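Asker: Take this sequence and fold it.
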Amino acid sequence: MVRATDKQQTKDAGGPAAKWVGYRSDIKILDCTIRDGGLMNDHNFSEAVVKAVYHACNEAGIDYMEVGYKAAQRLYAADQFGAWKFSTEDDIRRIIGDAKGTVKISVMADVDRTDYHDDILPREKSVVDMVRVACYISQIPAALDMLKDAHDKGYETCVNLMSVSVVRERELDEALELLAESEADALYLVDSFGALYSEQIHYLIGKYLRYARQNGKEVGIHTHNNLQLAFANTIEAIVKGANRLDASMAGLGRGAGNCPLELLLGFLHNPQYRLRPVLQCIQEHIEPLRKDLRWGYDVPYMLTGFRNLHPRAAIKHNASPEVDDKVKFFDEMIEEQ
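Answerer: Prediction:
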């Protein structure tokens, strides 16, 4: 059934509104609710929540759903983490059921934390569609090997270069040159610490695009909300030319969280995406998690964002009995300068 708002969007799609940036046919949205959100609860989501996110993504027309990490069980004890730390084939198939929907399934493989030769099966034996390799600047050679392995096995591939806000320009240029010549289908700009402003997003997306386009690759954006700029910076990336967009329901993600999926869908005004299924999933399954997971914009996350630091100190503070003492955390940050 096409709802009233969807009818209006569909009517507008062929008219002047088609010139709106959100109507670009190359835009692809990846929902990272379970993968990034899992960093707030050691990946211990109930099967009901994961299924709800999967079905909502299907109904909303989302392009990809990232279910979790492919972490090596020799490095992480299975009894200390939920299923989505490992994202085994059996667990993913249990969520999908007998009939796979239109949303493609993505997994993230961290360099040096994944037994990718064994744990990532050949594509014909898996329901996974895409492997995203996550790496730091020092791990580029290993990332290239992982990308080739996933590509040779038949997967779509992307690379997320993390903590780019602390990478020196020359090193970034060298890394992008290598990654642009790799088997990756897309290069993702990742604002790991939620520290980037719009001017930096413009500059960096432009740089990524220069390397990517000459090799026939796309560019994506993954933001964090420490300075309440995750949504705004995602828009800036779209305007500049990025087309792979990460977002999560209600912004659920590590620390300050990500670009909220519902905001992104509302901005795009694209009839291929539907907002209502996402709102229903947020209402019934995501918001009830907030009182325990405590993700989203908060003063401690703001302070680590201003200092361009990993939010681990803020996460630790927010899990402590002194969670409401924001001034104490501020004083501790000042003392460390």
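
Asker: Name the residues that touch stretch 34-47?
Answerer: Residues from elsewhere that reach stretch 34-47, judged by C-beta atoms under 8 Å, 6 or more residues apart in numbering: 49-50, 53, 65-69, 80-85, 94-95, 106-108, 248, 252-255, 257-258, 289, 292-295. Just so you know, the C-beta spots here come from the backbone N, C-alpha and C atoms, and that holds for glycine as well.

Asker: May I see the buried residues of that stretch?
Answerer: Going by neighbour count (16 or more other C-beta atoms under 10 Å), the buried part of stretch 34-47 is I34, R35, D36, G37, G38, L39, M40, N41, H43, F45.

Asker: can you give me the mean pLDDT across it?
Answerer: Mean pLDDT, computed over stretch 34-47, is 97.

Asker: Looking at the buried residues of stretch 34-47, which are in helices?
Answerer: Among the buried residues of stretch 34-47, the ones falling in helices (DSSP state H) are I34, R35, D36, G37.

Asker: Out of the residues you listed, which comes closest to K153?
Answerer: Proximity of those to K153 (C-beta to C-beta) peaks at R35, which lies at 19.9 Å.

Asker: Does the closest residue in space to the closest one that isn't next to it in sequence belong to a helix, a strand or coil?
Answerer: The spatially closest residue to R35, leaving aside those adjacent along the chain, is E66, at 4.1 Å (C-beta to C-beta, 6 or more residues apart in numbering). Under DSSP: H, G, I helix; E, B strand; the rest coil, E66 falls in the strand class.

Asker: separation between E66 and V167?
Answerer: Between E66 and V167 the computed distance is 23 Å (C-beta to C-beta, to the nearest Å).

Asker: Quick check on the two: which one has the bigger neighbour count.
Answerer: Neighbour totals were compared for E66 and V167, and E66 leads with 24 against 17 (other C-beta atoms under 10 Å).

Asker: list the contacts for that one?
Answerer: E66 neighbours (C-beta under 8 Å, 6+ apart): L30, D31, C32, I34, R35, D36, S106, V107, M108, R132.

Asker: Please tell me how far it sits from E174.
Answerer: 28 Å.

Asker: L229 and F193 touch, don't they?
Answerer: No. In this structure, L229 is not within contact of F193 by C-beta atoms under 8 Å, at 11.7 Å.

Asker: tell me which element Y188 falls in.
Answerer: Per DSSP states H and E: Y188 is located in strand 186-190.

Asker: Does anything pack onto the helix or strand following that strand? Which helices or strands?
Answerer: The helix or strand immediately downstream of strand 186-190 is helix 198-213, counting by DSSP H and E. With contacts defined as 3 or more C-beta pairs under 8 Å, 6 or more residues apart in numbering; DSSP states H and E, helix 198-213 has these neighbours: helix 169-180, strand 186-190, strand 218-222, helix 230-240.

Asker: pLDDT averaged over the second one - what is it?
Answerer: What it means is strand 186-190. Strand 186-190 comes out with an average pLDDT of 98.

Asker: which residues sit in contact with N243?
Answerer: R24, D26, I27, K28, E218, V219, G220.

Asker: Lowest-confidence one in those residues?
Answerer: Out of the contacts of N243, that is R24, at 86.

Asker: elements contacting the helix or strand hosting V278?
Answerer: Using DSSP H and E, the element containing V278 is helix 276-281. Applying 3+ C-beta pairs under 8 Å, 6+ apart, we find helix 276-281 packed against helix 47-60, helix 261-268.

Asker: Check the offset of the longest one from the chain's centre.
Answerer: It stands for helix 47-60. Averaging C-alpha positions (C-alpha atoms, centre = their mean, to the nearest Å) puts helix 47-60 16 Å from its chain's average.

Asker: Also stretch 108-116?
Answerer: The answer for stretch 108-116 is 16 Å, by C-alpha atoms, centre = their mean.

Asker: Next, the buried residues of that stretch.
Answerer: Across stretch 108-116, burial judged by 16+ other C-beta under 10 Å covers M108, A109, D110, V111, R113, T114, Y116.

Asker: and it, average pLDDT?
Answerer: The average pLDDT within stretch 108-116 is 97.

Asker: mind checking how far the nearest residue to L293 once chain neighbours are set aside is from A232?
Answerer: Leaving out its chain neighbours, the residue that sits closest to L293 by C-beta to C-beta, 6+ apart is M40, at 4.4 Å. Counting by C-beta to C-beta, the separation of M40 from A232 is 23 Å.
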